[in-house]
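S.K.: How does the following fold in three dimensions:
(one chain, ligands or ions: 2)
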Amino acid sequence: MLGVLREKFRLLMGLTIVLLFIWEANAAPEIRIGLSLDGKRQEFSGNLILFVGKKLNFKGFYSSFTVSAVGENLKVTIGKKSFFTPRITVVAKSGFVGISGKKYRGKIECWAKGGRLVLVNVVDLEDYLKGVVPKEMGPNFPEEALKAQAVIARTYALKHLKRHSREGYDLCDTQHCQVYGGVNVENPKTTRAVTETYGIVLMYKGELVNAFYTASCGGRTASSKEAWGRRIPYLVSHADPFCKSIGDFSWKASVSLRTLTYLLREVGVSCGNIKKVYVYKKTGSGRVSRVAIVGNCGRKILKVSTFKYALNRDKLRLKSTLFRIKVNGSKVYFYGKGFGHGVGLCQWGAYGMAKQGYTWRQILKFYYPGVLLRKIY
Ligand SMILES: [Zn+2]
Ligand SMILES: [Zn+2]
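M.R.: Ligands and ions are numbered 1, 2, ... in the order given. The predicted structure follows:
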């Protein structure tokens with residue numbers, strides 16, 4: 001009798017383990033996001049549970065406390081009492097963890113390094129995306145375009161996991177990785193775009209895709225080869241009829257020859273007084289790659305990156321490298337198209353496609369030819 005029971009128990013345990021495994025395989029992974037908040041002192045608020053020390057000992061339930069960095073230690077102040085600990089973990093019993101006016105899903109880990117706080121939001125990847133997509137594409141964009149952007153953000157996050165592993169997290173919350181604003185920036189429309197594409201990523205030959213995107217390609221996307229010198233099979237240049245006349249499709253800028261002389265000198269390019277400037281060389285998609293300046297020194301050929309950097313340092317003049325130059329008297333005029341590097345998905349093109357009834361899958365396949373959409377959890 002006992003033998004039979006033991007056998008049944010074993011079977012049950014085995015089944016539980018298998019079920020747990022299946023459940024695990026289908027869950028979104030957790031991601032660690034380094035928060036770029038003030039590093040000296042932070043105020044936590046909410047319906048919080050506080051764990052302290054390296055062994056995460058339970059400390060208690062609190063509605064608010066402050067944390068400041070003292071060398072390699074944290075000073076935690078609750079009411080009028082303070083104590084030191086090497087690290088804390090903060091979990092919300094209900095709602096979210098508040099840090100100086102911002103709210104976060106998941107939990108917050110905090111420690112000090114060289115007198116500065118390190119704040120890490122450990123969060124379910126899908127919850128993380130809810131705070132990313134609205135920062136990348138406005139919620140005023142059509143639903144299918146937002147879904148395409150959600151797939152891009154998910155693919156990017158998974159491809160770049162461990163980018164900041166030396167600092168103790170996966171990704172930072174700035175432009176360097178992906179801008180993440182937590183619960184405060186969430187919007188029902190972008191959240192729906194995340195949940196309706198749950199677990200879906202872009203793959204090419206079994207690998208996650210480099211899903212670059214640009215605000216507007218100006219009518220023709222740029223290849224990765226012409227932009228960065230590296231050929232990626234799904235980042236090729238092709239015509240884009242969908243972004244025409246919407247959003248950042250065209251722009252104009254002007255600068256006097258005198259200001260141009262000054263701006264270039266600021267970045268170490270001098271040729272006396274510049275009298276003429278023109279496009280010297282273009283790339284395959286028609287973008288400028290070299291600019292010629294003519295001045296007292298004769299003629300100089302500049303890389304467009306140098307030229308663009310000089311002109312955009314004090315204010316944004318050149319939104320892309322897809323432009324024409326015209327000099328009229330003492331003024332230089334730029335007539336340009338597109339906004340950004342032009343590689344990968346064109347956001348205004350995705351807007352146009354969605355408005356014409358294309359689905360998010362069709363949008364992604366148009367901008368990343370040859371890639372596969374895979375549900376990985
Ligand atoms: Zn980063
Ligand atoms: Zn476009």
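S.K.: OK, contacts around the closest residue to ligand 1 within the stretch 1-150 of the chain?
M.R.: Per Cβ to the ion, the residue of the stretch 1-150 of the chain with the smallest distance to ligand 1 is residue 34, at 7.3 Å. Yep, even glycine has a C-beta here, placed from its N, CA and C like the rest. By Cβ atoms under 8 Å, 6 or more residues apart in numbering, residue 34 lies in contact with 118, 119, 120, 164, 167, 168, 169, 171, 172, 173.
S.K.: Enumerate every residue touching the nearest residue to it once chain neighbours are set aside.
M.R.: Nearest residue to residue 34, sequence neighbours excluded (Cβ to Cβ, 6 or more residues apart in numbering): residue 169, at 4.1 Å. By Cβ under 8 Å, 6+ apart, the residues touching residue 169 are 32, 33, 34, 120.
S.K.: out of the residues you listed, which are inside strands?
M.R.: 32, 33, 34, 120 (DSSP state E).
S.K.: Quick check: the last one touching residue 106?
M.R.: No. Between residue 120 and residue 106 no contact is recorded; they are 9.8 Å apart, counting by Cβ atoms under 8 Å.
S.K.: and the residue of the stretch 1-150 of the chain found nearest ligand 2, what pLDDT?
M.R.: Using Cβ to the ion, the closest approach of the stretch 1-150 of the chain to ligand 2 is made by residue 145 at 12.0 Å. pLDDT recorded at residue 145 is 98.
S.K.: that older thread, which of the ones in strands among the contacts of residue 169 ranks first by neighbour count?
M.R.: With neighbours defined as other Cβ atoms under 10 Å, the most crowded of the ones in strands among the contacts of residue 169 is residue 33; it has 27 neighbours.
S.K.: looking at the sheet around that one, what are its partners?
M.R.: Bridge pairing for residue 33 (DSSP bridges) gives the partners residue 121, residue 171.
S.K.: Doesn't residue 176 belong to a helix?
M.R.: No. Per DSSP: H, G, I helix; E, B strand; the rest coil, residue 176 lies outside any helix segment and is coil.
S.K.: now for the host helix or strand of residue 77, which elements pack on it?
M.R.: Taking DSSP states H and E as the definition, residue 77 sits inside strand 73-78. Other helices and strands packing on strand 73-78, by 3 or more Cβ pairs under 8 Å, 6 or more residues apart in numbering; DSSP states H and E, are strand 57-70, strand 81-85, strand 87-99, strand 107-113.
S.K.: Please enumerate the helices of this protein.
M.R.: Remark: helices assigned in the chain by DSSP state H are 2-26, 125-130, 133-136, 143-159, 188-195, 224-228, 257-266, 304-312, 347-355, 360-367.
S.K.: For residue 216, list the residues it contacts.
M.R.: Listed by Cβ under 8 Å, 6+ apart, the contact set of residue 216 reads 243, 247-249, 320, 337-340, 346-349.
S.K.: now, among these, which is nearest to ligand 1?
M.R.: residue 340 (18.9 Å).
S.K.: That closest one contacts residue 319, correct?
M.R.: Yes. Counting by Cβ under 8 Å, residue 340 touches residue 319, with 7.5 Å between them.
S.K.: Please produce TSV containing the contacts of residue 169, extended by distance to residue 152.
M.R.: Below are the contacts of residue 169 laid out as TSV (distance: Cβ to Cβ, whole Å):
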residue	distance to residue 152
32	21
33	17
34	21
120	24
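S.K.: which residues does the closest residue to ligand 2 within the stretch 251-377 of the chain form a beta bridge with?
M.R.: Residue nearest to ligand 2 within the stretch 251-377 of the chain: residue 346 (3.0 Å; Cβ to the ion). For residue 346, the beta-bridge partners under DSSP bridges are residue 214.
S.K.: Report pLDDT for it.
M.R.: Residue 346 is assigned a pLDDT of 98 by the prediction.
S.K.: ok, back up a step: what residues does the strand holding residue 77 touch?
M.R.: With Cβ under 8 Å, 6+ apart as the criterion, strand 73-78 contacts 50, 52, 62, 65-69, 82-88, 110-112, 117.
S.K.: let's see 6 Å
M.R.: 62, 65, 66, 67, 68, 82, 83, 84, 85, 112 (Cβ atoms under 6 Å, 6 or more residues apart in numbering).
S.K.: likewise stretch 242-262?
M.R.: Counting by Cβ under 6 Å, 6+ apart, stretch 242-262 makes contact with 215-216, 273-274, 317, 319, 330-337, 339, 346, 348-349, 352-353, all of which sit outside it.
S.K.: That stretch close to ligand 2?
M.R.: Yes. For stretch 242-262, a contact with ligand 2 is found by Cβ under 5 Å from the ion, at residue 243.
S.K.: Quick check: mean pLDDT of that stretch?
M.R.: So the average pLDDT for stretch 242-262 ends up being 96.
S.K.: What are the buried residues along it?
M.R.: Buried residues in stretch 242-262, counted by 16 or more other Cβ atoms under 10 Å: 242-243, 247-251, 253, 255, 257, 259-261.
S.K.: Brilliant, that's me finished.
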